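Student: Take a look and give me a structure for this.
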Amino acid sequence: MKSNFTLTPLTAFILTSTGRGSDIMVPMAILSFGGMIIAMLTVFVVPVLYCWVVKGR
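Tutor: Just a heads-up that it's a prediction; the model follows:
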């Protein structure tokens, strides 16, 4: 849930940031956005993989 609330403003920074300082903010926002996406995928993928491994035994 916390990741969703963090991703929403980062999306705004990535898509609409122009002007002073945007040349620094946009790459940082993209990296943060990517990290949060990977974290959210990990939260969903790891339990599924664990269940597949356990069922396979």
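
Student: From now on I want contacts and neighbour counts done on CA atoms only, so please keep to that.
Tutor: Will do.

Student: Helix, strand, or coil at Thr18?
Tutor: coil (DSSP: H, G, I helix; E, B strand; the rest coil).

Student: Is Thr8 within a helix or a strand, and which one?
Tutor: Assigned by DSSP states H and E, Thr8 belongs to helix 2-16.

Student: which residues sit against that helix?
Tutor: Met25, Val26, Ala29, Ile30, Ser32, Phe33, Met36, Met40 (C-alpha atoms under 8 Å, 6 or more residues apart in numbering).

Student: Over to stretch 26-38?
Tutor: Ser3, Leu7, Leu10, Thr11, Phe13, Ile14, Ser17.

Student: follow-up on the earlier one: going by neighbour count, which residues in the helix holding Thr8 are buried?
Tutor: Leu7, Leu10, Phe13, Ile14 (16 or more other C-alpha atoms under 10 Å).

Student: Turn those into JSON lines, including distance to Gly56 and pLDDT.
Tutor: Formatted as JSON lines, the buried residues of helix 2-16 follow (distance: C-alpha to C-alpha, whole Å; pLDDT from 0 to 100):
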{"residue": "Leu7", "distance to Gly56": "35", "pLDDT": "74"}
{"residue": "Leu10", "distance to Gly56": "40", "pLDDT": "73"}
{"residue": "Phe13", "distance to Gly56": "44", "pLDDT": "70"}
{"residue": "Ile14", "distance to Gly56": "42", "pLDDT": "74"}
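
Student: of the residues you listed, closest to Val46?
Tutor: Of all these, Val46 sits closest to Leu7, with 20.7 Å by C-alpha to C-alpha.

Student: and the gap between the closest one and Val48?
Tutor: Taking C-alpha to C-alpha, to the nearest Å as the measure, Leu7 falls 23 Å from Val48.

Student: in the chain, what spans have low per-residue confidence?
Tutor: Regions of the chain meeting the criterion pLDDT under 70 cover residues 1-4.

Student: same thing but 80
Tutor: The chain contains residues with pLDDT under 80 at 1-19, 21-22, 25-26, 56-57.

Student: Quick check: buried residues in the lengthiest helix in it?
Tutor: Using DSSP state H, we find that the single longest helix of the chain is helix 22-56. If you call a residue buried by 16+ other C-alpha under 10 Å, then helix 22-56 has these buried ones: Val26, Ala29, Ile30, Phe33, Met36.
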